[in-house]
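Visitor: no sequence for this one, just the structure:
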Ligand SMILES: NC(=O)C1=CN([C@@H]2O[C@H](COP(=O)(O)OP(=O)(O)OC[C@H]3O[C@@H](n4cnc5c(N)ncnc54)[C@H](O)[C@@H]3O)[C@@H](O)[C@H]2O)C=CC1
Ligand SMILES: O=C([O-])CC(=O)C(=O)O
């Protein structure tokens with residue numbers, strides 16, 4: 001039997017901890033060997049829940065320890081890891097903060113030239129299978145409308161030119177309308193899904209995005225509409241917010257876990 005591929009997880013927050021736990025419990029062909037955390041002391045309890053004993057490394061050293069590096073960091077910490085991994089041939093970089101792939105100019109080209117494989121799992125948005133097929137036949141328009149409970153945006157949020165307390169938002173309020181690229185620049189922690197849709201479809205500047213803070217919804221809701229020469233697809237994801245980090249949908253971690261399982265699966269179902 002082939003040796004398992006070594007996996008490192010960067011960030012043990014709401015998504016990273018679930019991914020590490022799944023790897024720890026067993027994913028065929030993969031072995032959790034290393035993690036990076038912001039504060040080793042406060043991460044002790046999390047690490048003690050794992051059966052294996054992954055080594056704890058600084059972010060920039062993580063790629064040396066594994067063939068597969070899974071990024072589950074806040075966008076602000078992405079570059080410490082990204083700047084190292086981007087030059088590494090033969091590794092696989094699995095990304096949660098997908099928006100950062102758009103924000104860092106030249107990153108995708110640099111990675112391609114170096115020979116780094118990048119995987120952006122579907123995360124919190126469904127419908128990428130259809131989007132990829134529609135791209136083959138000929139895309140005409142792609143739009144994403146995201147609605148989240150106001151509290152998902154933290155205590156305060158920009159509405160037009162003003163910062164507004166989210167506790168005071170009492171009706172559905174459009175926070176943003178524009179391209180996927182602009183949406184990530186404005187809401188880097190909330191709309192990675194726009195980057196994922198853009199990368200699978202019409203690109204960062206031709207993918208339309210709206211973001212709404214809506215006290216009428218409990219779920220993080222993403223409506224993806226795809227028009228192509230093959231017809232129209234409308235896919236609505238209504239995701240429970242993660243209990244630990246309500247900005248993120250709970251399903252996101254499991255999308256990453258499913259993508260990792262698929263890497264070594266003999267049967268691949270879905271586009
Ligand atoms: N692709 C998608 O569909 C989605 C992506 N996301 C994105 O995924 C990323 C992770 O999300 P969550 O796990 O919910 O965030 P989180 O805030 O719960 O976890 C981030 C973790 O990274 C750790 N961290 C911060 N700086 C670090 C450093 N220098 N070294 C090591 N660890 C460090 C923090 O301590 C925290 O444990 C975020 O960028 C989020 O916006 C979230 C939801 C959906
Ligand atoms: O989890 C979600 O529903 C979407 C999200 O935060 C993101 O794309 O960054």
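Guide: Structure received. This one's a predicted model, so the numbers in the text were calculated from it and none came from an experiment. Ligands and ions are numbered 1, 2, ... in the order given.

Visitor: Which SSE is immediately downstream of the worst-scoring helix or strand of the chain on mean pLDDT?
Guide: Sorting the helices and strands of the chain by mean pLDDT, DSSP states H and E puts helix 44-48 at the bottom, at a mean of 88. The helix or strand immediately downstream of helix 44-48 is strand 55-56, counting by DSSP states H and E.

Visitor: Quick one: mean pLDDT for that following strand?
Guide: Averaging pLDDT along strand 55-56 gives 96.

Visitor: And stretch 115-126, by the same measure?
Guide: In this model, stretch 115-126 has an average pLDDT of 98.

Visitor: Buried residues of that stretch, list them for me.
Guide: 116, 118, 120-126 (16 or more other Cβ atoms under 10 Å). C-beta here means a position set from N, CA and C on the backbone, and glycine is covered the same way.

Visitor: just these now: which is nearest residue 242?
Guide: residue 124 (9.7 Å; Cβ to Cβ).

Visitor: burial count for the closest residue to that closest one other than its chain neighbours?
Guide: In this structure, residue 124 finds its nearest non-sequential neighbour in residue 249, 3.9 Å apart by Cβ to Cβ, 6 or more residues apart in numbering. Applying other Cβ atoms under 10 Å, we find 28 residues neighbouring residue 249.

Visitor: Give the full set of residues in contact with residue 249.
Guide: 123-124, 220, 237, 239-242 (Cβ atoms under 8 Å, 6 or more residues apart in numbering).

Visitor: Strands of the protein, residue ranges please.
Guide: Using DSSP state E, the strands of the chain run over 5-10, 30-36, 55-56, 68-71, 92-95, 117-119, 139-148, 156-159, 162-165, 173-179, 207-213, 220-228, 231-239.

Visitor: The shortest one pairs with which strands, parallel or anti?
Guide: Going back to what we said before, that points to strand 55-56. Strand 55-56 has its sheet partners listed here by DSSP bridges as strand 30-36 (parallel).

Visitor: neighbouring contacts of the partner strand?
Guide: With Cβ under 8 Å, 6+ apart, strand 30-36 has contacts from 4-12, 16, 20, 23-24, 43, 47, 50, 52, 54-59, 62, 65-66, 68, 81, 260, 263-264.

Visitor: tell me the contacts of the residue in the stretch 101-250 of the chain that ligand 1 sits nearest to?
Guide: Closest approach between the stretch 101-250 of the chain and ligand 1, counting by Cβ to the nearest ligand atom: residue 123, at 2.1 Å. The contact partners of residue 123, taken as Cβ under 8 Å, 6+ apart, are 96, 98, 192-193, 196, 249, 252, 255-256.

Visitor: and the residue nearest to it when sequence neighbours are not counted, how many neighbours does it have?
Guide: Closest residue to residue 123 apart from its sequence neighbours, by Cβ to Cβ, 6+ apart: residue 252 at 4.7 Å. Per other Cβ under 10 Å, the neighbour tally for residue 252 reads 26.

Visitor: what about residue 252, distance to ligand 1?
Guide: 4 Å (Cβ to the nearest ligand atom, to the nearest Å).

Visitor: Please tell me I have it right and that residue contacts residue 242.
Guide: Yes - the pair residue 252 / residue 242 is scored as a contact, 7.4 Å apart, by Cβ atoms under 8 Å.

Visitor: overlap in contacts of those two?
Guide: residue 15.

Visitor: what's the nearest residue to the residue most central in space within the chain if we skip its chain neighbours?
Guide: Centroid check for the chain by Cα atoms, centre = their mean gives residue 96 as the closest residue, at 2.8 Å. The spatial neighbour of residue 96 that comes closest, neighbours along the chain excluded (Cβ to Cβ, 6+ apart), is residue 72 at 4.8 Å.

Visitor: can you tell me which residues contact that neighbour?
Guide: Counted by Cβ under 8 Å, 6+ apart, residue 72 has contacts 9-13, 15-16, 19, 96, 253, 256.

Visitor: Go through those and give me the one with the most neighbours.
Guide: residue 9 (31 neighbours).

Visitor: Identify the residues contacting that residue.
Guide: Per Cβ under 8 Å, 6+ apart, neighbours of residue 9: 16, 19-20, 23, 32, 34-36, 54, 70, 72.
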